[in-house]
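*Asks:* Let's see this in three dimensions:
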Amino acid sequence: MLRPLRNSARLFRIAWVLARHDALFPLENSGFSPVITRLCKLLAAQKHRHLRPGQRLANALLDLGPTFIKLGQSFSTRSDLVGDEIAADLSNLQDNLPPFPTPVAHSIILREFGKRADELFSRFDDAPVAAASIAQVHYAVLADGHEVAVKILRPEVEAAFARDIELFFWLAGLADAKPHLRRFHLPETIATFRDTVRMELDLRMEAAGAVELKRNTANDKGFYVPQVYWETTSQQVLTLEWIHGTPIGQLDKLDEKGFDRVKLVQQAAEAFFNQVYRDGFFHADLHPGNMFVRDNGDIAVVDFGIMGRITLQERVYLAEILKGFLTEDFRHVAVMHFKAGYVPADKSVENFTLACRAIAEPILGKPLNEISVAKLLAQLFKVAENFEMEAQPQLLLLQKTMMVAEGVGRMLNPNINMWQLAEPLVLDWVGQNLGPRAKMREMAHGAE
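*Replies:* Residues are numbered from 1 along each chain as shown. Here you go, the predicted structure:
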């Protein structure tokens with residue numbers, strides 16, 4: 001009895017904040033508590049009405065706190081739920097919050113390691129260099145002289161997350177009872193979101209992701225992953241090598257230092273391709289704030305809280321459909337969806353082939369530098385859902401990451417298509433995994 005009352009009270013507060021930002025449409029469209037939404041709409045003083053719906057929603061989520069910020073970022077990959085424009089606006093949701101007090105940061109370090117910050121570090125700057133929804137980062141120097149970034153989890157963030165997740169599951173359960181919302185599998189979506197954020201709330205998992213990415217890319221020229229210092233890393237504290245470099249978004253400074261922007265796009269394209277296709281493990285938060293150009297020209301990445309992983313079979317599927325699109329063999333694209341089991345066997349291959357052509361022709365007909373593979377995949381996933389394709393969270397995360405990577409590439413040089421630069425790698429991978437050699441390996445594996 002108490003749980004529904006508590007959740008209803010919290011729902012009223014959420015609706016109130018959404019109404020103040022003129023962003024009640026998620027609740028209105030889903031049919032949740034029409035009395036509450038109407039009351040909040042009448043009473044709340046609205047602001048920012050000149051902004052796009054997605055921008056208004058992003059501002060409301062910022063007011064609602066860390067879990068809602070993370071939820072908004074998660075739904076930026078779900079254009080099937082929120083639409084393309086809102087998904088794009090949510091992908092720009094800036095994860096910046098005021099820092100928590102420095103004495104709290106010191107107390108967390110003491111609790112985690114049994115030593116004070118001045119005992120662990122020869123220097124520890126009290127003023128954080130960055131503060132986000134889950135953690136904040138301080139500059140420090142280890143006793144051996146190595147410069148490091150110390151990431152500290154926000155106090156009480158785990159308890160707040162647990163309360164919010166309980167509410168989200170309650171709302172998802174209500175939504176799942178509505179026939180027109182059932183196909184979105186919202187309880188499963190919230191469960192995936194819960195598991196993802198739980199990983200982010202254990203900074204040892206982020207450290208492990210950084211180590212795996214560093215080992216995978218150890219021999220890749222032009223790409224660098226900072227070192228993890230495990231002695232000063234725990235569930236609530238992460239210590240990483242400090243990266244000296246120019247933020248990749250500061251184009252004037254890159255030009256001043258004489259960096260070749262086309263070469264940087266080439267490096268970014270190769271790094272992304274290697275992570276996705278060669279390793280099946282990729283940095284899934286490649287926005288400009290997480291990418292730096294070191295003085296030696298390497299692209300360095302930071303913030304490993306969101307990592308993606310796709311299986312070899314999913315990589316083969318992506319390669320097959322991209323090959324089908326680029327050769328305009330749209331039936332092959334359709335057949336691959338049926339072979340992979342993404343589209344039910346009782347659907348029409350011919351109709352799906354026609355749908356693939358309809359989304360590809362406008363995109364592939366553009367000049368090469370304007371073609372967006374990420375947009376092509378987004379349209380494909382959206383059309384496939386009309387054929388009852390189940391949502392594929394790992395592929396949606398990859399598509400969002402590709403969109404951000406394309407944006408970085410175009411920012412560096414709008415006349416270059418990063419996928420064109422990666423074409424030799426693509427062809428070599430396709431030859432090894434889709435050609436005769438791959439068939440022979442598959443036969444040998446089957447025989448075993």
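*Asks:* Check the gap between I14 and T67 for me.
*Replies:* The spacing between I14 and T67, counted by CB to CB, to the nearest Å, is 11 Å. Just so you know, the C-beta spots here come from the backbone N, C-alpha and C atoms, and that holds for glycine as well.
*Asks:* I should have written N351 there, sorry.
*Replies:* When distances are taken as CB to CB, N351 and T67 turn out to be 41 Å apart.
*Asks:* What of P179?
*Replies:* Here the criterion is CB to CB. By it, P179 lies 28 Å from T67.
*Asks:* I figured R204 hits Q236, correct?
*Replies:* No: taking contact to mean CB atoms under 8 Å, the distance of 9.3 Å between R204 and Q236 leaves them out of contact.
*Asks:* Can you pick out the residue with more neighbours from the two?
*Replies:* Between R204 and Q236, counting by other CB atoms under 10 Å, Q236 is the more crowded of the two (21 against 16).
*Asks:* Measure how buried the residue nearest to that one when sequence neighbours are not counted is and give me the count.
*Replies:* Among residues not flanking Q236 along the chain, L153 sits closest, at 4.2 Å (CB to CB, 6 or more residues apart in numbering). Per other CB under 10 Å, the neighbour tally for L153 reads 23.
*Asks:* which residues does L153 contact?
*Replies:* When the contact criterion is CB atoms under 8 Å, 6 or more residues apart in numbering, the partners of L153 are 108, 134-135, 201, 203, 235-237.
*Asks:* So between N351 and T67, which is more surrounded?
*Replies:* Looking at N351 and T67 with other CB under 10 Å, you find the greater number of neighbours at T67, namely 23 against 12.
*Asks:* That one contacts D164, correct?
*Replies:* Yes: judged on CB under 8 Å, T67 makes contact with D164 at a distance of 3.8 Å.
*Asks:* Can you check the pLDDT for the residue nearest to Q236?
*Replies:* Turning to L153, the model gives it a pLDDT of 95.
*Asks:* now F292
*Replies:* At F292 the predicted local confidence, pLDDT, stands at 97.
*Asks:* Then it would be within a strand, right?
*Replies:* Yes: when classified by DSSP: H, G, I helix; E, B strand; the rest coil, F292 is found to be part of a strand.
*Asks:* Now do the helices in the stretch 251-400 of the chain.
*Replies:* Chain-ordered helices for the stretch 251-400 of the chain, with DSSP state H, counting those that start in this stretch as the definition, fall at 251-256, 261-273, 312-326, 330-339, 349-364, 373-386, 393-412.
*Asks:* Quickly, which of those helices bottoms out on average pLDDT?
*Replies:* The minimum mean pLDDT among the helices of the stretch 251-400 of the chain belongs to helix 373-386 (a mean of 81).
*Asks:* just the angle between that one and helix 312-326, please?
*Replies:* Counting by axes from the mean of the first three to the mean of the last three CA atoms, to 10 degrees, helix 373-386 points 100 degrees away from the direction of helix 312-326.
*Asks:* which regions of the stretch 1-150 of the chain lie under the pLDDT threshold?
*Replies:* Where the stretch 1-150 of the chain drops to pLDDT under 70, the residues are 1-3, 29-33, 35-36, 40-48, 77, 79-80, 94-95.
*Asks:* Could I get the full set of helices for it?
*Replies:* If DSSP H, counting those that start in this stretch is used as the criterion, the helices of the stretch 1-150 of the chain fall at 2-20, 25-30, 34-43, 53-64, 66-75, 79-82, 84-91, 102-113, 117-120.
*Asks:* Quick one: distance of the longest one to the chain centre.
*Replies:* Here the centre of helix 2-20 is set off from its chain's centre by 28 Å, with CA atoms, centre = their mean, to the nearest Å.
*Asks:* Which other helices and strands does that helix contact?
*Replies:* helix 25-30, helix 34-43, helix 53-64, helix 157-176 (3 or more CB pairs under 8 Å, 6 or more residues apart in numbering; DSSP states H and E).
*Asks:* most tightly surrounded among those?
*Replies:* Highest mean neighbour count among these (mean count of other CB atoms under 10 Å): helix 53-64, with a mean of 21.
*Asks:* so it versus helix 66-75, what angle?
*Replies:* Regarding helix 53-64 and helix 66-75, their directions subtend 150 degrees when assessed with the same axes, to 10 degrees.
*Asks:* Give me the residues contacting helix 53-64.
*Replies:* The contact list for helix 53-64 (CB under 8 Å, 6+ apart) reads 14, 17-18, 20-23, 25-26, 48-49, 51, 68-69, 71-72, 82, 85-90, 92-94.
*Asks:* Just to check, V408 is in contact with G289?
*Replies:* No: with contact defined as CB under 8 Å, V408 does not count as touching G289 (10.7 Å).
*Asks:* out of these two, which sits in the busier spot?
*Replies:* Remark: of V408 and G289, V408 carries more neighbours, 22 against 16, as counted by other CB under 10 Å.
*Asks:* dump the residue contacts of E231.
*Replies:* Applying CB under 8 Å, 6+ apart, one finds that E231 lies in contact with T239.
*Asks:* per-residue pLDDT, it?
*Replies:* 97.
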